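Colleague: here are the coordinates; sequence isn't available:
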């Protein structure tokens with residue numbers, strides 16, 4: 001069977017661990033709030049109702065692509081493109097090409113940053129492999145203007161960070177919703193995690209601060225994983241309603257057709273936590 005991502009790939013390792021996925025979310029949740037196209041996330045009016053549920057539906061979709069065979073991944077990507085097209089039709093306008101690229105660039109960048117934060121430095125070849133996987137996702141979706149190499153992506157990523165981020169009313173409201181749904185303590189942990197993983201310009205625009213209180217905790221957490229005691233720390237910091245879903249991120253999903261309830265970056269569509 002031919003998989004969309006080869007078995008043994010660094011991409012499978014990154015997206016097969018709840019720890020790295022949670023930091024990917026932490027970084028993306030910060031950058032989403034600053035993106036000039038964030039109004040698309042508010043168009044349906046459902047995002048503020050359940051930002052955490054939206055996380056797990058989006059993550060489910062990405063993981064189905066990463067762990068599916070070629071045909072299954074293509075079905076998932078085509079479904080994601082169709083959902084976006086449906087939202088565009090409802091609004092009567094198109095999501096900008098640069099906004100599509102931004103979402104794809106976040107997945108690439110925060111995959112690398114999160115893994116390096118928790119595990120080890122990635123080689124240039126491994127980072128290029130992460131880029132190549134998500135390039136194929138974007139290419140299948142028909143996203144225009146994608147960089148063709150990792151070296152080109154590095155330059156375009158910097159340009160996007162400089163050109164497409166801007167704090168505004170939606171930024172404040174999205175963080176208000178994070179706080180509401182996470183609770184004060186866990187919201188504080190989200191902010192500290194963001195300090196560790198976001199690019200400098202994102203940190204500056206959000207005023208997150210230079211030092212994270214989680215820095216000394218990371219060493220303890222890494223030790224707890226070696227002792228297989230990390231579940232104690234996770235139990236203390238994760239929202240109870242999502243612990244089962246978070247724990248499920250530590251294993252690969254079945255390589256089958258993604259459920260129609262899965263979500264995507266600019267439009268979510270699922271039953272238990274509706275976000276269309």
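Modeller: The structure has been received and is ready for your questions. What you are looking at is a predicted structure, and each value in this text was computed from that prediction instead of being measured.
Colleague: need the contact list for residue 116.
Modeller: Residues in contact with residue 116 (CB atoms under 8 Å, 6 or more residues apart in numbering) are residue 122. C-betas here are computed from N, CA, C, even on glycine.
Colleague: okay, and it sits in which element?
Modeller: When elements are assigned from DSSP states H and E, residue 116 belongs to helix 97-118.
Colleague: what about the closest residue to residue 171 other than its chain neighbours, how many neighbours?
Modeller: Computed as CB to CB, 6 or more residues apart in numbering, the closest residue to residue 171 that is not its neighbour in sequence is residue 33, at 4.4 Å. When neighbours are counted by other CB atoms under 10 Å, residue 33 registers 24.
Colleague: to which secondary structure element is residue 33 assigned?
Modeller: Using DSSP H and E, residue 33 falls within helix 18-34.
Colleague: repeat for residue 205
Modeller: Going by DSSP H and E, residue 205 is part of helix 200-206.
Colleague: go on, residue 177?
Modeller: Counting by DSSP H and E, the element that carries residue 177 is helix 169-182.
Colleague: please identify the buried residues of that helix?
Modeller: The neighbour-count check on helix 169-182 (16 or more other CB atoms under 10 Å) flags 170, 171, 174, 175, 177, 178, 181, 182 as buried.
Colleague: how far off helix 18-34 does it point, in degrees?
Modeller: 140 degrees (axes from the mean of the first three to the mean of the last three CA atoms, to 10 degrees).
Colleague: name the helices or strands packed onto helix 169-182?
Modeller: Packing partners of helix 169-182 (3 or more CB pairs under 8 Å, 6 or more residues apart in numbering; DSSP states H and E): helix 18-34, helix 39-42, helix 51-67, helix 184-197.
Colleague: compare the mean pLDDT across these and name the weakest.
Modeller: Least confident of those, judged by mean pLDDT, is helix 39-42 with a mean of 72.
Colleague: which secondary element of this protein has the worst mean pLDDT?
Modeller: helix 230-237 (a mean of 61; mean pLDDT, DSSP states H and E).
Colleague: could I get the helices and strands packed on helix 169-182 as a markdown table with distance to residue 222?
Modeller: A markdown table is the format used below for these (distance: least, CB to CB, whole Å):
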| stretch | distance to residue 222 |
| --- | --- |
| helix 18-34 | 9 |
| helix 39-42 | 33 |
| helix 51-67 | 22 |
| helix 184-197 | 13 |
